[in-house]
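Undergrad: let me see the structure of the following:
(chains A and B)
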2 protein chains.
Amino acid sequence: MTATIPEKFNDLLASNALAHIATIGPKGEPQTSPVWFGWDGTHFLFSQTKGRQKYRNLTRDPHIAISIVDQKNPYLYLEIRGEVVRIDEDPDKKFIDQMSKKYTGQDKYGNNQPGDERVVIVVQPEHITSMGI
Amino acid sequence: MTATIPEKFNDLLASNALAHIATIGPKGEPQTSPVWFGWDGTHFLFSQTKGRQKYRNLTRDPHIAISIVDQKNPYLYLEIRGEVVRIDEDPDKKFIDQMSKKYTGQDKYGNNQPGDERVVIVVQPEHITSMGI
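TA: Predicted structure coming up:
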């Protein structure tokens, strides 16, 4: 099952709004946090390190929900529900650098920590809820 | 178990940033959406109608996670995890009108629908994750 996201959300998906992701924690409880995100036209993408709780959550349970609100219009928002369909290694930190460029203008992400193992979480949308325009 | 939220977040909790809430859906999947919120110094509060999925989710499973990012500083954020400890009826729509005032400046919420049964969801924070300042 794949949800197609209406074209009217293209600008929002290309914007540097933060996305708030929700995952399921080890006791079945919801967890949420803001992330930088990318959109390849079909998949929602974001960077994580393997040490993070969100990474552990998603390798245990691939279900994810994503909430994105337009920065200029709080009545334009998109909720995407879906599943992680792939986790790509990012050994050269190419993707996190892309996100750094998108969100901060800096070519290189400046906050790498020793031992960080970066991955790209790839989410396939299955259902959307939206408001606006 | 109650988490005390550091005073440095008082401004964020008093601001009209949106909060993104994460709840557990009927199949155990995460769901998320933005909400207007209030803060009484101890509890996180938001309005819902009884017809909404989030209301049904929270009456089934009271666990909730909340993500709030400062509107001016995206590196200042707060995640609250906790439980719904009370659901108050809002028959006179006093609370949703307060939220309307806070977020839109209008004394009365302008989007009530026929038959809406408004409630106030009262969340007790149990754990926080934060970044910033």
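
Undergrad: nearest spatial neighbour of A:Ile87, skipping sequence neighbours?
TA: Spatial nearest neighbour of A:Ile87, chain neighbours left out: A:Val119 (5.1 Å); criterion: CB to CB, 6 or more residues apart in numbering or on different chains. (C-beta placed from N, C-alpha, C; glycine too.)

Undergrad: go on, A:Ser130?
TA: Nearest to A:Ser130 is A:Leu78, by CB to CB, 6+ apart, at 4.9 Å.

Undergrad: helix or strand: which one has the one you found?
TA: strand A:77-89 (DSSP states H and E).

Undergrad: likewise A:Ala65?
TA: Per DSSP H and E, A:Ala65 falls inside strand A:63-69.

Undergrad: that strand to strand A:77-89, inter-axis angle?
TA: Calculated by axes from the mean of the first three to the mean of the last three CA atoms, to 10 degrees, strand A:63-69 forms an angle of 130 degrees with strand A:77-89.

Undergrad: do strand A:63-69 and chain B meet?
TA: Yes: legend: contact between strand A:63-69 and chain B by CB under 8 Å from any CB of the partner chain is shown at A:His63, A:Ile64, A:Ala65, A:Ile66, A:Ser67, A:Val69.

Undergrad: so which elements touch that strand?
TA: Under the contact definition 3 or more CB pairs under 8 Å, 6 or more residues apart in numbering or on different chains; DSSP states H and E, strand A:63-69 sits against strand A:19-24, strand A:77-89, strand B:19-24, strand B:30-35.

Undergrad: could those go into a markdown table alongside mean neighbour count and mean pLDDT?
TA: Conversion of the helices and strands packed on strand A:63-69 to a markdown table gives the following (neighbours: other CB atoms under 10 Å in any protein chain shown; pLDDT from 0 to 100):
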| stretch | mean neighbour count | mean pLDDT |
| --- | --- | --- |
| strand A:19-24 | 27 | 98 |
| strand A:77-89 | 18 | 97 |
| strand B:19-24 | 27 | 98 |
| strand B:30-35 | 23 | 96 |
